[in-house]
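Novice: Generate a structure from the sequence data that follows.
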Amino acid sequence: MITEAAVVALAAALYLCDCVVLLERGQALLEAQRRRLGLSFGSRHYQIGGRAVALANPLTPFIPAFRTRPLFSAPAGVKVSRALRASSPLPPLCALQFLLVFVALPYCLYRAPGWPFVIALALAYLNALAMLALVWWRFGKAGVARRPLIVPAFGWLACLPLSVNCLRSAALSFDLALEARCALRMLPEADRPRARAELAAQLTEAMQELDETDSRHRRLEDLRRTLAPGREP
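Specialist: Residues are numbered from 1 along each chain as shown. Below you'll find the predicted structure:
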């Protein structure tokens, strides 16, 4: 029983680690929910390699999450409409994979370790293969680069808990052709003040890491002024 519990705990830990997203200063994690968009700028207190740590909701792997392009970077990336089109068929399969890996398999491991467990495991692998084939096809059809999928795809098949995050891992393999300050306009009116305050806080921290004579410091200061209450970025 202790061994089974350790296996389940390890699977959950691997999945939670895969939900961690690293963001550049001023870069946002955009979640495309059914009727609204959500923006997150990560923690202001925890960084890894100078990048902010954000945690995608572990309970909603079927909601795609994208990274906006870093501030002041060259105009490049994938359009939002194209990104949504590439990921649109995956949510049902991701929800099914979540149930298979974290509900059906643990239940069978404890209560039915024979053929029911083997069948649930086979279904989980078949679903992982189906998700991989679908995301590969959809990315090609939408004109999104598929080469960055090679490494995460290996992880999905080698470690089933990682396959639960297939949709978000695929969506995070590229940056959107959209800066966070522009994404603010896509939010519902009620959510904009909070998002603008979070972005301004990230910019303030980035400015503290730069010398005042640095041109990037002045550009960040100008951008932060546009985020003041009453002004549209």
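
Novice: The helix or strand hosting Leu129: which residues count as buried?
Specialist: Element membership of Leu129 [criterion: DSSP states H and E] is helix 115-142. For helix 115-142, the neighbour count (16 or more other Cβ atoms under 10 Å) marks 117, 120-121, 124, 127-128, 131-132, 134-135, 138-139, 142 as buried. All C-beta spots, glycine's among them, are computed from the backbone N, C-alpha and C.

Novice: what's the spacing between Leu126 and Leu184?
Specialist: Note on Leu126: its distance to Leu184, by Cβ to Cβ, to the nearest Å, is 41 Å.

Novice: scratch that, Trp156 is what I was asking about
Specialist: Distance from Trp156 to Leu184, by Cβ to Cβ: 33 Å.

Novice: go on, Pro89?
Specialist: 29 Å.

Novice: and the two? which has more neighbours close in?
Specialist: More crowded of Pro89 and Leu184, by other Cβ atoms under 10 Å: Leu184, with 20 against 14.

Novice: Remind me which helix or strand Val21 belongs to.
Specialist: Going by DSSP H and E, Val21 is in strand 20-23.

Novice: Tell me which residues are up against the helix or strand following that strand.
Specialist: Under the assignment DSSP H and E, the closest C-terminal helix or strand after strand 20-23 is strand 29-32. Applying Cβ atoms under 8 Å, 6 or more residues apart in numbering, the contact partners of strand 29-32 are 21, 23, 37-42, 54, 56-57, 63-68, 84, 87, 176, 178, 183.

Novice: For the closest residue to Ala128 other than its chain neighbours, give me its contacts.
Specialist: Leaving aside its sequence neighbours, Ala128 sits nearest to Ser163 (Cβ to Cβ, 6 or more residues apart in numbering; 4.1 Å). Going by Cβ under 8 Å, 6+ apart, Ser163 touches Gln97, Val101, Ala124, Asn127, Ala128, Met131, Gly155, Trp156, Leu157.

Novice: what's the answer for Pro148, then?
Specialist: Ser173, Phe174.

Novice: and it, that one's in a helix?
Specialist: Yes. Assigned with DSSP: H, G, I helix; E, B strand; the rest coil, Pro148 falls within a helix.

Novice: Who are the contact partners of the residue nearest the centre of the chain?
Specialist: With distances taken as Cα atoms, centre = their mean, Ala65 lies nearest the centre of the chain, 4.0 Å away. Neighbouring residues of Ala65 by Cβ under 8 Å, 6+ apart: Val21, Leu29, Leu30, Glu31, Ala32, Ala56, Arg168, Ala171, Leu172.

Novice: Once you drop chain neighbours, what's closest to the last one?
Specialist: Looking back up the chat, that one is Leu172. Leaving out its chain neighbours, the residue that sits closest to Leu172 by Cβ to Cβ, 6+ apart is Arg67, at 5.9 Å.

Novice: count of residues packed around the one you found?
Specialist: Arg67: 23 neighbours (other Cβ under 10 Å).

Novice: now do Tyr15
Specialist: Look at Tyr15: counted by other Cβ under 10 Å, it has 21 neighbours.
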